[in-house]
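> structure for this input, please:
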Amino acid sequence: IIILNRRPEILRKQISPPSGSGGAFVQSQRFLNRRRRGGDSRDFEGVILAEELITMSRQESTNEGTKFKRGDEDEDDEEDGKGREAWERTYADERSWESLQEDESGLLRPIDNKTLYHAQYRRRLRTSSTTRIQKGLIRYLYIVIDLSRAAGETDYKPSRMVVVARQVEAFIREFFDQNPLSQIGLLTLKDGVANSLTDLGGSPESHIKALMGKLTSSGDASLQNGLDLVHSHLNQMPTYGHREVLILYSSLNTCDPSDIMETIQKCKASKIRCSVIGLSAELYICKYLCQETGGSYYVAVDEHHLKELVFEHAPPPPAIAEFAIANLIKMGFPQRAVEGVISICSCHKEAKVGGGYTCPRCKARICDLPTECQICGLTLVSSPHLARSYHHLFPITPFDDVAPSVSSDPRYLAKNCFGCQQTLLNPGNMPGSRVCCPKCKQYFCLDCDIYIHESLHNCPGCESFRHSKSNGTVEG
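Residues are numbered from 1 along each chain as shown. Coordinates of the predicted model:
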């Protein structure tokens, strides 16, 4: 009950703002009406204060109604978000239904994922081919894998450690396919120390086997110990090779025995390019390491993004300006060892029967190529490895997209792909998507375009034209 007094100061003490219920507002309204009918001039100040009270109550009730309305809307939005599963929210964010289109008859056209993938591929191809950059063909790469207790987290299914091992296995095979003259070594970080799984070598199977046998996580990760061990190995490598480190880091901290800044400066002085891919969150020390050594630093958001980030390190990087000069490198081409002969392997220090290769200089037995002879230090490669690295020096020119207006002209209409001889026409004899080589003017389908640039590294049209030209010269 609101009590009105003739003295305004007493009224201000006794009257408090209404709490949102309509009882106080009704009582003060009735009392005010009675005072107005009575016409008592002494209660004028109390009447004014009562009117102010009524106005305040109306404003507060309006504000509370607005708040309740907004609160209900927020709760509805939260309920909508919570009601969806993770895969439903993914599709809702991508809004894939917006890419649906109708044909002439009003039916929905199927989504052409191959065309979308080819468009993304060609954008990457044009971006990488805009400038001619000298690249390093001989790379010495150490992959440092964090196997601390953070690698056992299950935000990546089934765990970070298993997902990283799966991506490293695929990366090793892709790395040797694109870099046949390079070598890889594996290191792990766990229990505050760095362990060397494999030395630098050119056998993908030996690296994968060693990695899969050591998938256990424990302790903390020491970034400094890993960099010190990598520096001790790569500092002995010849200067014509690229010294690189790829760190797959899962932890949010590093347990180091001393000042890691000094170790980073040592890596920078030795021209060791360090790159880090994080699986948890961005760390300043990792970002500083990559900035100082000229590497790259990214944080993966999911398994697909992690695969993209890891595979970005498969192509050869640009050559360092100080070492981008011509060097003559002595290489040996060993022959296959005689089958059934027992010999001591120089790389594993054990006797093996048959197989392997023989160093042409010191006649030592080597298991795999490419490698460096442990006895005489000669770089040993095979002629197919040398030929496969040729496409990095002279990459094939990107093909041109054929505009629909040109492809619809009967004079330029090619019915079959020059590579796979598959038809280039859509149902209804309508011209489909195709590309054209700018040199030989032959037409290719989208699949052949990707295969030629990523695997074959030679244009079939140009090669056939060159072969026919040489045959005509010989006959003449």
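
> for the stretch 151-300 of the chain, which segments count as strands?
For the stretch 151-300 of the chain, the strands defined by DSSP state E, counting those that start in this stretch cover 183-190, 193-201, 242-249, 272-278, 297-299.

> redo these as JSON lines? Include mean neighbour count, distance to Leu234 and mean pLDDT.
For glycine as for every other residue, the C-beta is placed from the backbone atoms N, C-alpha and C. Shown next, in JSON lines, are those (neighbours: other CB atoms under 10 Å; distance: least, CB to CB, whole Å; pLDDT from 0 to 100):
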{"stretch": "strand 183-190", "mean neighbour count": "24", "distance to Leu234": "9", "mean pLDDT": "94"}
{"stretch": "strand 193-201", "mean neighbour count": "17", "distance to Leu234": "9", "mean pLDDT": "92"}
{"stretch": "strand 242-249", "mean neighbour count": "26", "distance to Leu234": "4", "mean pLDDT": "95"}
{"stretch": "strand 272-278", "mean neighbour count": "24", "distance to Leu234": "6", "mean pLDDT": "95"}
{"stretch": "strand 297-299", "mean neighbour count": "18", "distance to Leu234": "19", "mean pLDDT": "95"}
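
> which among those is found nearest to Phe394?
strand 242-249 (19.3 Å; CB to CB).

> Asp447 in helix, strand or coil?
Following DSSP: H, G, I helix; E, B strand; the rest coil, Asp447 is assigned to helix.

> correct me if wrong: it contacts Gly432.
No - judged on CB atoms under 8 Å, Asp447 makes no contact with Gly432 at a distance of 11.8 Å.

> how about the strands of the stretch 151-300 of the chain in TSV, adding distance to Cys459?
Putting the strands of the stretch 151-300 of the chain into TSV (distance: least, CB to CB, whole Å) gives the following:
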stretch	distance to Cys459
strand 183-190	31
strand 193-201	34
strand 242-249	29
strand 272-278	33
strand 297-299	34
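
> can you name the residues that contact Leu386?
Going by CB atoms under 8 Å, 6 or more residues apart in numbering, Leu386 touches 180-181, 331.

> run the last query once more with 10 Å
137, 180-181, 331, 333, 370 (CB atoms under 10 Å, 6 or more residues apart in numbering).

> can you tell me which of the residues you listed are buried?
137, 180-181, 370 (16 or more other CB atoms under 10 Å).

> report the two of the residues you listed separated the most.
Leu137 and Pro370 (11.0 Å).

> where do the contact lists of the two overlap?
179-182, 386.

> distance to Ile208 and pLDDT added to these, as TSV?
Shown next, in TSV, are those (distance: CB to CB, whole Å; pLDDT from 0 to 100):
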residue	distance to Ile208	pLDDT
Asn179	16	86
Pro180	17	85
Leu181	20	86
Ser182	16	90
Leu386	24	79
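
> including distance to Cys436, could those go into CSV?
Output for the shared contacts of Leu137 and Pro370, formatted as CSV (distance: CB to CB, whole Å):
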residue, distance to Cys436
Asn179, 30
Pro180, 31
Leu181, 33
Ser182, 34
Leu386, 32
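
> of all these, which comes closest to Ser148?
Distances from Ser148 to these, taken by CB to CB, are shortest for Ser182, at 28.1 Å.

> returning to that earlier point: select, out of the strands of the stretch 151-300 of the chain, the one closest to Pro158.
Of all these, strand 242-249 comes closest under CB to CB, at 16.7 Å.

> neighbouring strands for the closest one, and are they parallel or not?
With DSSP bridges as the test, strand 242-249 is paired with strand 139-146 (parallel), strand 272-278 (parallel).

> secondary structure element holding Ser450?
One correction, residue 450 is Ile, not Ser. helix 446-451 (DSSP states H and E).

> by contact count, what packs against that helix?
Helices and strands touching helix 446-451, by 3 or more CB pairs under 10 Å, 6 or more residues apart in numbering; DSSP states H and E, are helix 113-128, strand 435-436.

> mind telling me which of those the model trusts least?
Sorting these by mean pLDDT places helix 113-128 lowest, at a mean of 58.

> show the contacting residues for the nearest residue in space to Tyr443 that is not next to it in sequence.
Nearest residue to Tyr443, sequence neighbours excluded (CB to CB, 6 or more residues apart in numbering): Ala414, at 4.2 Å. Counting by CB under 10 Å, 6+ apart, Ala414 touches 402, 407, 423-425, 431, 434, 436, 441-444.

> any idea how far Ala414 lies from Gln442?
Distance, Ala414 to Gln442, by CB to CB, to the nearest Å: 8 Å.

> so what sits against both of these two?
Cys436.

> nearest to Val353, out of the strands paired with strand 242-249?
Comparing those by their distance to Val353 (CB to CB), the top pick is strand 139-146, with 31.1 Å.

> tilt between that closest one and strand 183-190?
Calculated by axes from the mean of the first three to the mean of the last three CA atoms, to 10 degrees, strand 139-146 forms an angle of 20 degrees with strand 183-190.

> pull the CA atoms of strand 139-146 into PDB?
The C-alpha trace of strand 139-146 is given here as PDB (Å, rounded to 0.1, in the frame of the first residue of the first chain):
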ATOM      1  CA  ARG A 139      65.300 -31.100 -49.700                       C
ATOM      2  CA  TYR A 140      66.200 -32.300 -46.300                       C
ATOM      3  CA  LEU A 141      62.900 -32.300 -44.300                       C
ATOM      4  CA  TYR A 142      62.400 -33.300 -40.600                       C
ATOM      5  CA  ILE A 143      58.900 -33.900 -39.500                       C
ATOM      6  CA  VAL A 144      58.500 -33.200 -35.700                       C
ATOM      7  CA  ILE A 145      55.400 -34.800 -34.200                       C
ATOM      8  CA  ASP A 146      54.000 -33.800 -30.800                       C
END
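
> relative to strand 193-201, how tilted is that strand?
150 degrees.

> so for strand 139-146, mean pLDDT?
For strand 139-146, the mean per-residue pLDDT is 95.

> same check, this time on stretch 364-375
85.

> buried stuff in stretch 160-175?
Applying 16+ other CB under 10 Å to stretch 160-175 flags 160-161, 163-165, 167-168, 171-172, 174-175 as buried.

> alpha carbons of it, as CSV, please.
What follows is stretch 160-175, C-alpha atoms only, in CSV (Å, rounded to 0.1, in the frame of the first residue of the first chain):
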residue,chain,number,x,y,z
ARG,A,160,44.8,-36.1,-32.4
MET,A,161,47.6,-38.6,-32.4
VAL,A,162,45.9,-41.0,-34.7
VAL,A,163,44.7,-38.3,-37.1
VAL,A,164,48.2,-36.8,-37.3
ALA,A,165,49.8,-40.2,-37.9
ARG,A,166,47.3,-40.8,-40.7
GLN,A,167,48.0,-37.5,-42.4
VAL,A,168,51.8,-37.9,-42.0
GLU,A,169,51.6,-41.3,-43.7
ALA,A,170,49.8,-39.9,-46.7
PHE,A,171,52.2,-36.9,-46.8
ILE,A,172,55.3,-39.0,-46.8
ARG,A,173,54.1,-40.9,-49.9
GLU,A,174,53.1,-37.7,-51.7
PHE,A,175,56.4,-36.0,-50.7
